[in-house]
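Visitor: take a look and give me a structure for this.
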Amino acid sequence: MSPLTEDDERTLLGVARRALESAVEGRALSEFHGFARALREKAGAFVTLRRQGSLRGCIGQVEPREPLVQTVAQCAVAAALRDPRFPPVDPLELAAVTIEISVLSPLLDILPEQIEIGRHGLLVSRGSRRGLLLPQVAEEWGWDAERFLEETCLKAGLAPDEWRRGARLQAFTTQVFAESSEPQHASPAANRPSRPA
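Guide: Residues are numbered from 1 along each chain as shown. Okay, the predicted model is just below:
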């Protein structure tokens with residue numbers, strides 16, 4: 001899909017915020033109608049929640065199964081309530097939680113020597129095991145391509161060198177944008193580094 005405009009980014013952040021607040025407060029989600037064409041295209045996305053800079057939840061949908069606006073809303077709800085690493089977000093936390101969205105390009109098979117740190121995210125799979133890391137993870141941690149591959153294998157529950165032994169390697173790029181550190185004045189900050197799941 002084409003790159004999103006700043007208006008598209010603001011709209012998606014607003015959708016994620018409304019979905020987050022509705023879910024945490026036990027209200028029904030709104031309908032997904034009347035959005036720009038780009039937001040109605042099917043695309044994968046991850047929604048990362050942070051509180052005071054620390055990870056508070058991160059859930060994504062890799063395959064483009066639903067319209068982007070719906071994927072973002074569903075991932076925001078899941079990151080708030082169903083990330084197994086964290087307790088559900090409490091209504092009293094809402095004002096302190098900020099939202100970051102990563103919209104994924106389609107997956108493409110890639111060779112290890114083609115991986116570009118900071119540009120590519122990785123999906124490593126073998127059988128039913130799959131592990132994914134977003135592009136900003138390797139960049140933030142200062143990993144080279146080999147370490148990035150090892151960490152993605154570990155995320156899949158595989159041996160760290162499984163990428164040398166026939167695991168499928170796929171890459172994707174992302175468009176990343178986020179609310180400011182103060183949710184009351186939310187605005188996108190494109191390509192801000194992060195450490196999602």
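Visitor: and the helices in this structure?
Guide: 6-24, 37-40, 68-81, 135-141, 145-155 (DSSP state H).
Visitor: which parts of this structure belong to which domain?
Guide: Following automatic domain parsing, one finds the domains of the chain at 6-105+175-185, 108-172.
Visitor: identify whichever of the helices of the chain lies nearest to Arg129.
Guide: Nearest to Arg129, of all the helices of the chain, is helix 145-155, at 9.1 Å by Cβ to Cβ. In short, each C-beta sits where N, CA and C put it, glycine included.
Visitor: for Thr11, give me its contacts.
Guide: Phe35, Ala36, Leu39, Val69 (Cβ atoms under 8 Å, 6 or more residues apart in numbering).
Visitor: I'd like those residues laid out as a markdown table, including pLDDT and neighbour count.
Guide: Below are those laid out as a markdown table (pLDDT from 0 to 100; neighbours: other Cβ atoms under 10 Å):
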| residue | pLDDT | neighbour count |
| --- | --- | --- |
| Phe35 | 91 | 16 |
| Ala36 | 90 | 13 |
| Leu39 | 95 | 23 |
| Val69 | 96 | 25 |
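Visitor: quick check: the nearest residue to Leu169 once chain neighbours are set aside vs Arg119, distance?
Guide: Nearest residue to Leu169 in three dimensions, chain neighbours excluded: Ile110, at 5.4 Å (Cβ to Cβ, 6 or more residues apart in numbering). When distance is defined by Cβ to Cβ, to the nearest Å, Ile110 is 11 Å away from Arg119.
Visitor: mean neighbour count, the helices of the chain: which tops it?
Guide: helix 68-81 (a mean of 24; mean count of other Cβ atoms under 10 Å).
Visitor: the residue nearest in space to the middle of the chain and Thr11, how far apart?
Guide: Centroid-nearest residue in the chain: Phe46, 2.1 Å away (criterion: Cα atoms, centre = their mean). Distance of Phe46 to Thr11, computed by Cβ to Cβ: 17 Å.
Visitor: now swap in Ala79 and tell me
Guide: 18 Å.
Visitor: try Pro91
Guide: 24 Å.
Visitor: still on that earlier bit, considering the domains of the chain, which stretch scores lowest in mean pLDDT?
Guide: When the domains of the chain are ranked by mean pLDDT, domain 6-105+175-185 comes last with a mean of 92.
Visitor: if anything else comes up later, I'll come back, but that's it for now.
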